[in-house]
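>>> Here is the input, now give the coordinates:
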Amino acid sequence: MTAPADTRTQTSTASGCCDGAARPATDIRIGISLAAATSGISHALREADAWPYLLPAWLAATERSLAEAEPWHSVALRGADAVLIPGFVFDGPGLVDADPRTYLGWEPRSGQAACCSVSTGAGTQDLVEALGTDMFFPALVLGSPLGYRSDAVVVGEQNAELTMALVDQLVEKAKADGIRSIVAPWVTDRPVNGPLLASLHNNGATVSFGGQENFLPLEHSSYEDYLASLTSRRRQRVKQDEGKAVASGVRIARLDGEGLRPLTNRIAELTIMNRQKYDGSESAEHISELLTALVDDGADVRAYVAYLNDTVVASTVTIRQGKRLMLKWAGFDYAALGERSGLYFPLVLDRPLQDALAEGLESVETGPGADEAKRLRGYQPRSIYTAVWVADVSAREQVAALQGVYGGARRAALATEAAAADEPSAAARALGRFRKKPAADGCCG
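Presented below is the predicted three-dimensional model:
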C-alpha cells in the first residue's frame, strides 16, 4: 500500500443535549501518520493511563523495525479529550502474531508459532488456507504488533461515544482503502475497551477469548505488609526462592534509563533465549530497537540484571507509566544458570514489586506466564479479547465459526476456572452495554 494520506472528518454539535452548553466540535482523523495522529496531544499521551507500547516512542520504533508494516493510525479529538487507536497495515503474510489467520487457528507451514499459541489441528489449517490470502490481505492490525496490545488510548475523560464514532469511521475508511481484514488481537479486559469492542462488533467483527495475563493491585503500604498478607506457606516459598538466588552466586542490580544503553543487545539476546521456550514474533533486533527507543525518549524504563562472574546472565525490563509498573521482557541464560536456579521470582517479581510499593504505585502488570505461581502470590487474572473483521460479508459466518473454535481452545487451555465459566468481566459488561449503537447525540442515554 502507499503511505496513508491524512483523512479528516469533522462533526460538530451546536449545543450539548443536556445543559444547553456549546459542545466542542469532533475532529476524526483516520489512517494517518504517527506525527499527524499525535499532533497536539504528545504531552498529554505521556500522562495517559495507557500501555507504553501504544505511545509515540514505541510506535515510531515499530515503524523502523517493521519495514513490511505501513503505519495507519487513527485519532478522534473533542476539546481536551482524545482517543488514539494505533494501527499497521500488512500487505501480505509475514509476522505471525500480526496475521489475522492466526486467530482462526491457522499456523504457518514453517512451524513458526505465535505467542502462547494453541493448536486446533490440521483440519482447521486446511479450512483457513482454503479461504485464500486475498480474503485477509491487506490486513489492518489495530494496536502494537511488537507490544501485544490493541487497546484504545484515552486522553482526558473516557467517552464511549467518541471511541465508537472513531471505530465506525475507521472501518468505513478501511473498506474504502481496500483493506480486507481488521484484527485487534490483544484487547485487554479494562473498561476503556468496552466501546472499542462493541463498535467493532457492531460493524461485523467477531469477538472471542484470546488469553489471560496477570496483574497485582497494590493495596499494601510496604513490601513487608504485602508479605504479611500471604499465607505462611507462601511466605516460606518466597524466602526459599530468595535463598536459591543467593546460593546461585548471582548479584542483582537495577539499571535505569541511560544505564541500560550498553546492555540493550545483551538484554535482547537473553529475552530471545527465553522466547525460544514460549514462541512469539519478536526478534533480538526488534527488542534492541524498541528498548533503545524508550531510553532515547526518556521513558521510565528499568532493568533488573543478574551478574555471574561479571557476566549478565539474566534480566527483567520494566516500564513505569503513570501509576502502573509493567513487566515487558525477561530473559535467562539457562546454560550458565541451569533450569532451576530459583532466580526467576526474585528477579522478575520480587525486586520490581519492592520498588513499586516503595514508590506508591497502584499496580504491577506482569503479563501471561507462570500463572499459577503468580496467583499464589496474590496476582489476579485479566482476560484478553481478540476481534476479527473481514470485508467479505459472505465469509463472515465461516470466519466467526473458525475464530470461535480457536477462542474456545484457548479458553480451555489458558483460562482460570472463573474465565472458563464465562464470568462477566469489565470489558464484557461494557460490550453488552454498548452492543447496540447509541443515538446520534449519545450524551444522555
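
>>> Please save the CA atoms from stretch 341-359 in CSV.
Taking C-alpha atoms only, stretch 341-359 is exported to CSV below (Å, rounded to 0.1, in the frame of the first residue of the first chain):
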residue,chain,number,x,y,z
SER,A,341,18.4,-21.6,39.7
GLY,A,342,15.4,-20.1,41.6
LEU,A,343,16.3,-16.7,40.1
TYR,A,344,13.0,-16.2,38.2
PHE,A,345,10.8,-15.0,41.0
PRO,A,346,13.3,-12.8,42.9
LEU,A,347,14.3,-11.1,39.6
VAL,A,348,11.0,-11.0,37.8
LEU,A,349,8.5,-10.5,40.6
ASP,A,350,10.1,-9.6,43.9
ARG,A,351,12.5,-6.8,43.1
PRO,A,352,10.1,-4.9,40.8
LEU,A,353,7.3,-5.3,43.3
GLN,A,354,9.5,-3.9,46.2
ASP,A,355,10.3,-0.8,44.1
ALA,A,356,6.6,-0.3,43.0
LEU,A,357,5.4,-0.4,46.6
ALA,A,358,8.2,1.9,47.8
GLU,A,359,7.1,4.4,45.0
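
>>> Can you tell me what sits against that stretch?
Residues outside stretch 341-359 that contact it (CB atoms under 8 Å, 6 or more residues apart in numbering) are 216, 218, 220-223, 226, 238, 240-245, 247-248, 250, 252, 254, 302, 304, 306, 314-316, 318, 320, 325, 327, 330, 332, 337, 364, 366, 370, 373-374, 377. To be clear about C-beta, it is placed using only N, CA and C from the backbone, and glycine gets the same treatment.

>>> cutoff 7 Å now
Residues from elsewhere that reach stretch 341-359 (CB atoms under 7 Å, 6 or more residues apart in numbering): 218, 220, 222-223, 226, 238, 241-242, 244-245, 248, 250, 252, 304, 306, 314, 316, 318, 325, 327, 330, 337, 364, 366, 377.

>>> Restricted to strands, list those residues.
Those of these mapping onto strands are 252, 304, 306, 314, 316, 318, 325, 327, 330, 364, 366, per DSSP state E.

>>> picking that back up, tell me the buried residues within the contacts of stretch 341-359.
Among the contacts of stretch 341-359, those classed as buried by 16 or more other CB atoms under 10 Å are 218, 220, 223, 226, 238, 241, 244-245, 248, 250, 252, 304, 306, 314, 316, 318, 325, 327, 330, 337, 364, 366, 377.

>>> Could you identify the longest helix within this protein?
helix 396-414 (DSSP state H).

>>> what comes up buried for it?
So, applying 16+ other CB under 10 Å, buried residues of helix 396-414: 396, 398-400, 402-403, 405-407, 409-411, 414.

>>> can you give me how far that helix is from the chain middle?
20 Å (CA atoms, centre = their mean, to the nearest Å).

>>> Residue ranges of each domain in the protein, please.
Per the record, the chain has its domains at 7-214+384-433, 219-361, by automatic domain parsing.

>>> tell me the most buried of those?
Mean neighbour count, computed with mean count of other CB atoms under 10 Å, is highest for domain 7-214+384-433 among those, reaching a mean of 19.
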